[in-house]
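Chemist: Predicted structure and sequence below. I'll ask about it afterward.
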Amino acid sequence: MKVLVIGGGTGGLALAHGLVRAGIDVAVFERDTLRTDGLHGYRVGIDPDGSRALHALLPTELYDTFVATKARDPKYFNMLTEDLKEVLSMEIPASTDPVESEKSISRMTLRQVLLTGLEDVVEFGKEFTRFEQHGSQVTAYFADGTEATGDVLVAADGSGSRVRRQYLPQAKTEETGIVAIAGKLPITAESAQLVPPKVFEGISMINAPRGLFCILHVMEFQWDRDGQVKSGIGGNTEELIRRWPGLQFDNTRDYINWGLSAARDKLPADIMELRGEELIRVALELTPGWHPNLRRLFELTDPGTCFPVNIWTSVPLEPWESSNVTLLGDAIHTMTPGRGVGANTALRDAVNLCRALIDVRDGCQELVQAVHAYEVKMIDYGFDAVIKSRAQMTSDDPVHKPVIGRMALAGLRTAMRTVNHLPPVKRRMRDSMLAYRGADRDELTLEINPSPVER
Ligand SMILES: Cc1cc2nc3c(=O)[nH]c(=O)nc-3n(C[C@H](O)[C@H](O)[C@H](O)COP(=O)(O)OP(=O)(O)OC[C@H]3O[C@@H](n4cnc5c(N)ncnc54)[C@H](O)[C@@H]3O)c2cc1C
């Protein structure tokens, strides 16, 4: 069996690792060479589901490298006002379990971890244009005039998926009416002093009037600005980072990452065309009454890291007739970052699809039947996550309306301040927040054995 994967992002590369380990022939076709711009330079939160999926798919040492290269774990989850007053602060319990824990990851680093060991599998500069199905085979065509034929084609080409547009023209994506501006600035003596200690050590959300929302992440890694492992880390972690070839390309050093979002009617009409200094100016114009330290964070932002993100979502879809073309991740269920589970769901798909393809290899199921079983399940949990993520991030939310918005914000702050003063209620809220897990433990474990022939 030959598997063609279109797109070498989070889901496609994780799937490729599982297939390689299972001895299944796989080729990944990626449009871009290594990119450092846009979201690539930013944080992604990998939750225990995503960690279990990576643990199931990656070779053991590469999983350990993934853990060794994460940023320091956040200690607090904070909700603040725009003048930096605490509304709610919950301590996140420390976890030393390398799998069952929340992780702050640099996307750029994750991408390089996932590319490690796939040098012979991933082909760069391959922009997929269309496919043709003929008998039990499928051929993918690329913009450079080349083609590749296999038994299965997996669309892992993200939210603008060209495979999806051809295969499922009925599938729709739509704008949520929310646009975010993202930026980051290096941690220096000045920037570190601008936020309270709990913010420096945590994940912080600012809910402000007019539906403005800002998220702050402080990312501190195990290596310094020259790529040298920081002193005092020691042990296996230091050894893993030193041995890993990926870090030499890493452009991320300790930084503060912010994302400021608003309904589109609060932003300039040409927001998606703005870059760098222009976006920093928009952030400052949107936030005149905000605490001077927060505004200083915007001012200190490296303009080269600033970009606008139009928040899209997909529209839930009825199951379709399965074939030897299938999809995973954002290619089928693009979701808002409202719950921070898009990448985690793509990884869950990768485990489930890998298992289905191993079953086919072992003769337990016919290909189309296995793909169908994967799709039925994936459609169910994937679009459940889409709906829940949309509820967290849409311009239909009352907070974006003029009068009712102020009342909604006041109500939210009163409720959260009350919780903040009631430790048992706060603990329950924290536990239920951390307990949101889509998958059960068994679903995300995988026995990967090489093919019977190789055995
Ligand atoms: C602001 C923001 C914050 C987020 N934060 C989180 C978070 O904290 N946690 C979380 O779980 N999720 C988060 N997400 C969602 C997450 O980024 C995505 O769900 C995840 O990256 C999807 O992975 P994927 O493999 O499906 O697609 P991608 O990672 O987007 O990969 C798609 C790949 O396909 C390639 N490609 C595209 N078109 C072609 C083509 N024609 N030919 C060949 N290759 C092609 C692309 O170059 C890319 O490498 C966030 C999203 C946003 C916008």
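Modeler: It's in.
Chemist: longest helix in this protein, by residue count?
Modeler: In the chain, taking DSSP state H as the definition, the longest helix is helix 367-392.
Chemist: What are the buried residues along it?
Modeler: Across helix 367-392, burial judged by 16 or more other CB atoms under 10 Å covers 367-368, 370-375, 378-379, 381-383, 385-386, 388-390. The C-beta positions use only the backbone N, C-alpha and C, and glycine is treated the same way.
Chemist: How about the contacts made by the residue nearest to Arg441 when sequence neighbours are not counted?
Modeler: Closest residue in space to Arg441, ignoring its immediate chain neighbours: Arg52 at 7.1 Å, by CB to CB, 6 or more residues apart in numbering. For Arg52, the contact set (CB atoms under 8 Å, 6 or more residues apart in numbering) comprises 99-100, 351, 439, 441, 444-445.
Chemist: Which ones among those map onto helices?
Modeler: Those of the contacts of Arg52 lying in helices (DSSP H): Val351.
Chemist: so which of the contacts of Arg52 are also by the ligand?
Modeler: With CB under 6 Å from any ligand atom as the criterion, no member of these is in contact with the ligand.
Chemist: hmm, which two among the contacts of Arg52 are most spread apart?
Modeler: Glu100 and Val351 (15.8 Å; CB to CB).
Chemist: Name the residue in these two with the higher neighbour count.
Modeler: Set Glu100 next to Val351 and count neighbours by other CB atoms under 10 Å: Val351 wins out with 24 against 13.
Chemist: what about Thr81, distance to Arg430?
Modeler: 20 Å (CB to CB, to the nearest Å).
Chemist: what's Leu194 in contact with, if anything?
Modeler: Here Leu194 is in contact with 293-294, 296-297, 300 (criterion: CB under 8 Å, 6+ apart).
Chemist: before we move on, what about Met429?
Modeler: Contacts of Met429 by CB under 8 Å, 6+ apart are 90, 419.
Chemist: which SSE is it in?
Modeler: Here Met429 sits within helix 423-434, counting by DSSP states H and E.
Chemist: how close does the nearest residue to Gly329 once chain neighbours are set aside sit to Leu110?
Modeler: Excluding its sequence neighbours, the residue lying closest to Gly329 (CB to CB, 6+ apart) is Ala346, at 3.0 Å. Separation of Ala346 from Leu110 (CB to CB): 12 Å.
Chemist: follow-up on the earlier one: can you give the contact residues for the next helix or strand after the longest helix of the chain?
Modeler: Moving toward the C-terminus from helix 367-392, the first helix or strand encountered (DSSP H and E) is helix 402-420. Residues outside helix 402-420 that contact it (CB under 8 Å, 6+ apart): 79, 81, 86-89, 207-211, 397-399, 401, 425-426, 429.
Chemist: repeat that for 10 Å
Modeler: The contact list for helix 402-420, computed with CB atoms under 10 Å, 6 or more residues apart in numbering, reads 79, 81, 85-90, 207-212, 263, 397-401, 425-430.
Chemist: Just the buried residues of those residues.
Modeler: Buried residues within those, counting neighbours by 16+ other CB under 10 Å: 79, 81, 86-90, 207-208, 210-212, 263, 397, 399-401, 426, 429-430.
Chemist: Intersect those with the contacts of the ligand.
Modeler: Of the buried ones among the contacts of helix 402-420, not one also sits near the ligand (CB under 6 Å from any ligand atom).
Chemist: For the stretch 201-350 of the chain, which residues score under the pLDDT cut-off?
Modeler: 224-227, 230-235, 242-252 (pLDDT under 70).
Chemist: rewinding a little: common neighbours of Ala346 and Leu110, please.
Modeler: Joint contacts of Ala346 and Leu110 (CB under 10 Å, 6+ apart) are 9-10, 14, 50.
Chemist: Which of those fall within helices?
Modeler: Using DSSP H, 10, 14, 50 are the members of the shared contacts of Ala346 and Leu110 that sit in helices.
Chemist: out of the shared contacts of Ala346 and Leu110, who's near the ligand?
Modeler: 9-10.
Chemist: Dump the shared contacts of Ala346 and Leu110 to JSON lines, plus distance to Cys306 and neighbour count.
Modeler: As requested, these are exported to JSON lines (distance: CB to CB, whole Å; neighbours: other CB atoms under 10 Å):
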{"residue": "Gly9", "distance to Cys306": "22", "neighbour count": "25"}
{"residue": "Thr10", "distance to Cys306": "23", "neighbour count": "29"}
{"residue": "Ala14", "distance to Cys306": "29", "neighbour count": "28"}
{"residue": "Gly50", "distance to Cys306": "27", "neighbour count": "28"}
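Chemist: how about the residue nearest the centre of the chain, secondary structure?
Modeler: Geometric centre of the chain, nearest residue: Ala343, 3.8 Å, by CA atoms, centre = their mean. The three-state label given to Ala343 by DSSP: H, G, I helix; E, B strand; the rest coil is helix.
Chemist: circling back: possible to save the shared contacts of Ala346 and Leu110 as a markdown table with distance to Trp312 and pLDDT?
Modeler: Output for the shared contacts of Ala346 and Leu110, formatted as a markdown table (distance: CB to CB, whole Å; pLDDT from 0 to 100):
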| residue | distance to Trp312 | pLDDT |
| --- | --- | --- |
| Gly9 | 16 | 94 |
| Thr10 | 17 | 96 |
| Ala14 | 22 | 98 |
| Gly50 | 21 | 96 |
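Chemist: Among the shared contacts of Ala346 and Leu110, find me the one that's closest to Arg165.
Modeler: For the shared contacts of Ala346 and Leu110, the nearest to Arg165 is Gly9 (17.0 Å; CB to CB).
Chemist: Could you find the closest non-adjacent residue to the closest one?
Modeler: Gly158 (5.7 Å).
Chemist: what's the one you found in contact with, if anything?
Modeler: The contact partners of Gly158, taken as CB under 10 Å, 6+ apart, are 6-7, 9-12, 31, 164, 329-331, 334, 342, 346.
Chemist: What parts of the stretch 1-150 of the chain come near the ligand?
Modeler: 6-12, 29-32, 39, 44-45, 126-128.
Chemist: The same query, at a cut-off of 8 Å, please.
Modeler: 6-14, 29-32, 35, 39, 42-47, 50, 107, 111, 126-129, 142-143 (CB under 8 Å from any ligand atom).
Chemist: cool, the stretch 301-450 of the chain as well?
Modeler: 309, 311, 328-331, 334-337, 340-346, 349.
Chemist: Strands - which of those land there?
Modeler: The strands, defined by DSSP state E, take in 309, 311 from these.
Chemist: Now do the strands for the stretch 1-150 of the chain: every range, in order, please.
Modeler: With strands called from DSSP state E, counting those that start in this stretch, the stretch 1-150 of the chain shows them at 2-6, 25-30, 43-46, 76-80, 86-91, 103-106, 122-124, 128-134, 137-142, 147-150.
Chemist: Looking at those, spot the one closest to Ser323.
Modeler: So among the strands of the stretch 1-150 of the chain, strand 128-134 is nearest, using CB to CB, at 6.6 Å.
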